[in-house]
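Peer 1: predicted structure and sequence below. I'll ask about it afterward.
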Amino acid sequence: MHAATAYAHPNIALVKYWGKSNDDLNVPATPSLALTLGDLRTTTRIEAAASEVVVVDGHQVRDAKIERWLERLRGAFNLPPLRIESSSDFPANSGLASSASGFAALTLAISSAFDLDLSLQEQCEWARFGSGSAARSLHGGFVALESEGDVCRASQILDENEWNLAIAVAITSDSVKSTGSTAGMTASRETSPFYDGWLRATIEAFDLGLVAVKNKDFDALAKIAEASCRQMHALMLSTEPALIYWNAATLNCIDAVTRMRKDGINVFYTIDAGSHVKAVCEADVVTRVSEQLSRVDGVHSVIGSGIGGPAQIKDSSSPGKVSDD
Ligand code: 2P0
């Protein structure tokens, strides 16, 4: 065993995942399609310890999701107690996919620290047990996640250099989301009258989204992604009790992005389980899109990002250097 540090980027879904077919194995009920946010990252360091300690963003925590995940991992591998230190350079638990980058970095760091010799596909499966969207953060660029029975496969559709898009993230709140994704998904499946329609629409949208990404067809992807976002939030609104993640600034940003597109700027919006708005655009207009979003009523700040690469091991022998493998 040796100490190991890994980092991973969060990802945002263009065709969304909301609902599981198997809660215990954390299997998504539908395929999803995402892109990786290269300028945001979670970094996680692993070392053996006398007793288990988990530190997230400088605070020692007891996290039931991480504990359950470690218990499952210990069913397959003989691991000592661990000290896990994880930090993100963006707000956690607010719909910016910190659990995706978190479990991706954690899986990679443990795999490296204990020489578990996991293939990328096996890493994706372990990350997915922690958080469905985490399987997508081990790859870079545009990533699909599909399941067959209880087994999932994450695959890269385009790498981070193949389509020069960028993302402006409008931060519209500084509070933590009211209902976590796992509980919210279960509630939607159990209470929304629209759940079956959502599954059907998402399976269709995934096939169309794959074609749009492969063809780098911005207009087609804009329509598919905005529709998937609105359909997911319609499902959330129809859940009992209602899952309302948007605030007034979220709606103001949707309006601003819609007006920009009418004015000929290639940009579309997507929103996850939180109030922040991600505006996906062609890279050469990201400064303009960010400036316009920063002037929208209720927007606190805007974070710009390019498309990111895969999760990586940080070479501990020279801090800051990233190994090539
Ligand atoms: C997504 N989200 O596709 C969707 C859109 C949020 C909204 O995947 O229960 O943290 O741990 O598998 O991966 C967030 O859910 O949920 C998510 P679990 P996860 O990105």
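Peer 2: Done, it's in.
Peer 1: quick check: phi and psi at the closest residue to Arg153 other than its chain neighbours.
Peer 2: Spatial nearest neighbour of Arg153, excluding adjacent residues (Cβ to Cβ, 6 or more residues apart in numbering): Glu146 at 5.5 Å. For glycine as for every other residue, the C-beta is placed from the backbone atoms N, C-alpha and C. Note on Glu146: its backbone torsions stand at phi -130, psi 150 [degrees, to the nearest 10].
Peer 1: so what's Glu146 up against?
Peer 2: Glu146 sits next to Pro31, Cys152, Arg153, Ser155, Phe206 when contact means Cβ atoms under 8 Å, 6 or more residues apart in numbering.
Peer 1: which of those residues fall within helices?
Peer 2: Phe206 (DSSP state H).
Peer 1: buried only: go through the contacts of Glu146 for me.
Peer 2: The neighbour-count criterion (16 or more other Cβ atoms under 10 Å) marks Pro31, Cys152, Phe206 among the contacts of Glu146 as buried.
Peer 1: ok, the residue in the chain sticking out farthest from the centre to the ligand distance?
Peer 2: Going by Cα atoms, centre = their mean, the residue of the chain most distant from its centre is Ala50, 32.3 Å out. Distance of Ala50 to the ligand, given as Cβ to the nearest ligand atom, to the nearest Å: 30 Å.
Peer 1: is it true that Ile254 lies in a helix?
Peer 2: Yes. Remark: Ile254 belongs to a helix, assigned using DSSP: H, G, I helix; E, B strand; the rest coil.
Peer 1: isn't it right up against Tyr269?
Peer 2: Yes. Using Cβ atoms under 8 Å, Ile254 is in contact with Tyr269, at 5.6 Å.
Peer 1: of the two, give the one with the bigger neighbour count.
Peer 2: Tyr269 (26 against 19; other Cβ atoms under 10 Å).
Peer 1: okay, and the beta partners of the more buried one?
Peer 2: Judged by DSSP bridges, the bridge partners of Tyr269 are Ala279.
Peer 1: where does pLDDT dip in the stretch 201-325 of the chain?
Peer 2: Low-confidence segments of the stretch 201-325 of the chain (pLDDT under 70): 316-325.
Peer 1: recalculate using a threshold of 80.
Peer 2: Scanning the stretch 201-325 of the chain for pLDDT under 80 picks out the ranges 315-325.
Peer 1: excluding chain neighbours, what is closest to Ala201?
Peer 2: Take Ala201 and drop its neighbours on the chain: the residue closest to it by Cβ to Cβ, 6+ apart is Gln231, 5.6 Å away.
Peer 1: helices or strands up against the helix or strand that neighbour falls within?
Peer 2: Remark: Gln231 resides in helix 218-237, with elements defined by DSSP states H and E. Under the contact definition 3 or more Cβ pairs under 8 Å, 6 or more residues apart in numbering; DSSP states H and E, helix 218-237 sits against strand 11-15, helix 181-191, helix 195-214, strand 267-270, strand 277-282.
Peer 1: nearest to Ser137, out of the ones you listed?
Peer 2: Among the helices and strands packed on helix 218-237, strand 11-15 comes nearest to Ser137, with 5.2 Å by Cβ to Cβ.
Peer 1: just checking: what are the partner strands of the helix or strand following that closest one?
Peer 2: Later in the chain than strand 11-15, the nearest helix or strand by DSSP H and E is strand 20-22. Here strand 20-22 is paired, per DSSP bridges, with strand 27-28 (antiparallel).
Peer 1: near the ligand at all, the partner strand?
Peer 2: No. For strand 27-28, no contact with the ligand is found by Cβ under 6 Å from any ligand atom; the gap never falls below 7.1 Å.
Peer 1: ok, and what's touching the helix or strand following that strand?
Peer 2: The helix or strand immediately downstream of strand 27-28 is strand 32-36, counting by DSSP H and E. With contact meaning Cβ under 8 Å, 6+ apart, strand 32-36 is reached by 9-17, 132-133, 136-137, 139-145, 157, 160, 165, 167, 202, 206, 209-210, 213, 280, 307-309.
Peer 1: go with 6 Å
Peer 2: With Cβ atoms under 6 Å, 6 or more residues apart in numbering as the test, strand 32-36 has contacts from 9, 11, 13-15, 17, 136, 140, 142-145, 206, 209, 307-308.
Peer 1: cheers, nothing more for now.
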